[in-house]
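# Have a look at this prediction, sequence included:
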Amino acid sequence: MANNIRFVDSLKVGSYQTVTEGGSSGSGGTSGTSGTSGTNGTSGTNGSSGSSGTSGSTGLSGSSGSSGTSGIAGAAGSSGTSGTSGTTGATGSSGTSGTSGTSDKYATTSTTSFTLGGNGTITVGTGLAYTSAQSIIIVYDVSNFQECEITTYNSATGELVFQSPTRTVGSGTYTSWSVNLDGASGGAGSSGSSGSSGTSIGTVTDGTTTVTDVTTIDFNTGATVTGTTGTATVDISAATTYTNATATPINFPSDADPNIPAGTTFSNKTFSEMMTLMLYPTLNPSLTNISRTFSLSPSGLQIIGATIGTLTLSSTFNRGAINPQYTAATPYRSGNPNQYNYGGTGVSNQVSTSLSNSTTTSNYVVVQGNQSWTGAVQYDAGPQPKDSAGGDFSSPLPAGTTNTITRTINGVYPVFGTTVNLSTSTQFSLQTMTTLIQASLVTESGGGGLKQYIEVPNAWSTITGLQQFNTLSNVYDTILLSSFTTSSVTKTIEGQSVNYTRYTHNGGTIGARILRFLT
């Protein structure tokens, strides 16, 4: 049998061939047949003369050797036996030369559209030597091919039917294929000869060097091919170079995110597969939590009894992020919002898948103290995050509702006083009615006897003390609250009569100053 030589997919050798068995021996003729030739087999040697005998018949011609396949030229046939008791036998005629061995042909191409990974039918060249059950390789490129066995081949039409693959590399549908035996086929064999079976040989050519009777191909020491007639060095640069189209994602090597952890073992990995493992580790995405906002307009301090024509509640929703998305269904941590939940006077929930929403209430009348409204967002479940290799990372965010945010209006009565002039009661900026009151009062000098005062609503917390700012020491000094006389006044606030207490300075004429009335 032949020695089969198989090269890896990316190995490119100048030429190579394998010769299989030689033809079977021809039968010996009387008066010796000559052996059939190899390539046009050489004539057999003449038989030796027979010994003297009576009426010896002429020796029969040796039969022609049958056509050998892929064998080397056989040795010449042995000489025939001498005739019995005859006259000198006639010289045996030369054996007919053997027919040349049939040249096998397998390498071909196809333009049939076919998807890698299954059985099928493609059209290849006609007149090839394919037979059922042979193992073939169907190649688009070095990264996309499959190995399978032939079901049938029609040499007249080129129809090649094959079974499901025993090995598939890559994927995709293509219309340009190279087809050959799985493992390169040998070239045409030498002509068979009669005689003993031929010896298996092969040739490998690199440039001008040809090695025959190949016994070893060793790629560990520089791809040296050794045969009985010499040594050739084969160019394997195509198998030892690497090109990547995708930029590497991280520094290499990386202890923080090791591509190949210590203790990893490998089995039958190709050069390209190992390079990919080293340069493209499995990376995980960053997950950003969902978030939301909620606002109330107007909000904060409002005068008691005021009517707010339009009170607006506004919400937004941020779905978070999966970054990079890789193969996750969406780049978002959650699904879409499905409802905006509102709480408080004059509002209700709003069904919406938008990332923002608002609702209003009209002609709201402010009351004393805090009045609150709330906002929250209901949302759908998010996708399964994926890593760079397509595996699951972490867990999908389940459907849920955000935490509730509260926004408030605080209804207060304003404070008034002589902050502009002594003859006018001017409204102070609004402030909470439980805190101290700071008043910048104008000078009493030239006021015609008018005095500094402030007016505090009776709904305010009780005034318990008084301080005056010391411009020299930059601190507040305590002074007597009794330096101010109290009296009752009524003020109209938002159309309503409201009871106030007026605190009027009762001492000598004094300049402008900053006072704090403590509660």
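Alright, I've got the coordinates.
# Quick check: next helix or strand after the top helix by length along the chain?
In the chain, assigned by DSSP state H, the helix with the most residues is helix 271-279. Beyond helix 271-279 on the C-terminal side, the first helix or strand identified by DSSP states H and E is strand 286-288.
# by contact count, what packs against that next one?
strand 321-323 (3 or more Cβ pairs under 8 Å, 6 or more residues apart in numbering; DSSP states H and E). To be clear about C-beta, it is placed using only N, CA and C from the backbone, and glycine gets the same treatment.
# Which positions in the helix or strand residue 378 falls within come out as buried?
Taking DSSP H and E as the criterion, residue 378 maps to strand 369-379. Across strand 369-379, burial judged by 16 or more other Cβ atoms under 10 Å covers 371, 373-379.
# Show me which pair in these is furthest apart.
371 and 379 (28.1 Å; Cβ to Cβ).
# Next secondary structure after the helix or strand where residue 148 lies?
Here residue 148, judged by DSSP H and E, is contained in strand 144-153. Downstream of strand 144-153, the first helix or strand assigned by DSSP H and E is strand 159-162.
# so where's the protein uncertain?
Along the chain, the parts satisfying pLDDT under 70 run over 1-104, 183-209, 214-226, 228, 233-240, 253-258.
# cutoff 50 now
Counting by pLDDT under 50, the chain shows low-confidence ranges at 1-103, 184-189, 191-201.
# what bridges to residue 427?
Beta-bridge partners for residue 427, by DSSP bridges, are residue 416.
# That one reaches residue 414, doesn't it?
Yes - the pair residue 427 and residue 414 qualifies as a contact (Cβ atoms under 8 Å) at a distance of 4.7 Å.
# right, and residue 157 touches residue 127 too?
No - the pair residue 157 and residue 127 fails to qualify as a contact (Cβ under 8 Å) at a distance of 10.6 Å.
# Need the residues touching each of those two.
Common contact partners of residue 157 and residue 127 (Cβ atoms under 8 Å, 6 or more residues apart in numbering): none.
# in the stretch 51-200 of the chain, which spans are strands?
Per DSSP state E, counting those that start in this stretch, the stretch 51-200 of the chain carries strands over the ranges 108-110, 114-115, 120-123, 135-141, 144-153, 159-162, 167-169, 173-174, 177-181.
# er, the stretch 251-400 of the chain actually
286-288, 291-297, 300-303, 307-318, 321-323, 337-343, 350-351, 356-365, 369-379, 400-401.
# Residue 252 is nearest to which of those?
strand 286-288 (20.8 Å).
# Relative to that closest one, what are the paired strands and their orientations?
Here strand 286-288 is paired, per DSSP bridges, with strand 321-323 (antiparallel).
# Give the buried residues for the strand it pairs with.
321-322.
# got the contact list for it?
With Cβ under 8 Å, 6+ apart as the test, strand 321-323 has contacts from 285-288, 328, 330-333, 383, 385.
# and if you look at stretch 129-137?
Residues from elsewhere that reach stretch 129-137 (Cβ under 8 Å, 6+ apart): 102, 104-106, 145-153, 155, 160, 162, 166, 179-183.
# What residues sit buried inside it?
For stretch 129-137, by 16+ other Cβ under 10 Å, it's 130, 136-137.
# can you check stretch 464-473 too?
466-467.
# same deal with stretch 321-330?
Here stretch 321-330 shows 321-322, 324, 326, 328 as buried, counting by 16+ other Cβ under 10 Å.
# would you list those in JSON lines and tack on distance to residue 498?
Putting the buried residues of stretch 321-330 into JSON lines (distance: Cβ to Cβ, whole Å) gives the following:
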{"residue": "321", "distance to residue 498": "53"}
{"residue": "322", "distance to residue 498": "57"}
{"residue": "324", "distance to residue 498": "63"}
{"residue": "326", "distance to residue 498": "65"}
{"residue": "328", "distance to residue 498": "61"}
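# Identify, from the residues you listed, the entry nearest to residue 271.
Set against residue 271, the nearest of those by Cβ to Cβ is residue 326 (25.9 Å).
# That closest one and residue 282, how far apart?
10 Å (Cβ to Cβ, to the nearest Å).
# cool, and residue 290?
Going from residue 290 to residue 282 by Cβ to Cβ gives 26 Å.
# Give me the more crowded residue out of the two.
A direct count of neighbours by other Cβ atoms under 10 Å for residue 290 and residue 282 places residue 290 higher, at 19 against 13.
# and that one, what is it in contact with?
Here residue 290 is in contact with 317-320, 333-334, 379, 397, 402 (criterion: Cβ under 8 Å, 6+ apart).
# cutoff 6 Å now
The neighbourhood of residue 290, defined by Cβ atoms under 6 Å, 6 or more residues apart in numbering, consists of 319-320, 333-334.
# In TSV: these, plus neighbour count and distance to residue 313.
Shown next, in TSV, are the contacts of residue 290 (neighbours: other Cβ atoms under 10 Å; distance: Cβ to Cβ, whole Å):
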residue	neighbour count	distance to residue 313
319	21	21
320	18	23
333	23	25
334	25	22
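# Rebuild these as CSV, extending it with distance to residue 310.
Conversion of the contacts of residue 290 to CSV gives the following (distance: Cβ to Cβ, whole Å):
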residue, distance to residue 310
319, 29
320, 32
333, 34
334, 31
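# tell me the strands in the stretch 401-519 of the chain, going along the chain?
Using DSSP E, counting those that start in this stretch, strands in the stretch 401-519 of the chain cover 405-412, 416-417, 426-427, 437-441, 453-457, 465-470, 475-479, 484-493, 496-505, 513-518.
# can I get these in CSV with distance to residue 311?
Shown next, in CSV, are the strands of the stretch 401-519 of the chain (distance: least, Cβ to Cβ, whole Å):
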stretch, distance to residue 311
strand 405-412, 8
strand 416-417, 27
strand 426-427, 23
strand 437-441, 28
strand 453-457, 24
strand 465-470, 38
strand 475-479, 39
strand 484-493, 20
strand 496-505, 20
strand 513-518, 32
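# Of those strands, which is nearest residue 339?
Of these, nearest to residue 339 by Cβ to Cβ is strand 405-412, at 15.5 Å.
# Can you tell me the strand partners of that closest one and which way each runs?
With DSSP bridges as the test, strand 405-412 is paired with strand 300-303 (parallel), strand 369-379 (antiparallel).
# Send over the first one as CSV, restricted to the C-alpha atoms.
This points to strand 300-303. Listed next in CSV are the C-alpha coordinates belonging to strand 300-303 (Å, rounded to 0.1, in the frame of the first residue of the first chain):
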residue,chain,number,x,y,z
GLY,A,300,-40.4,75.2,47.4
LEU,A,301,-41.7,78.2,49.4
GLN,A,302,-45.0,79.7,48.3
ILE,A,303,-47.3,82.2,49.9
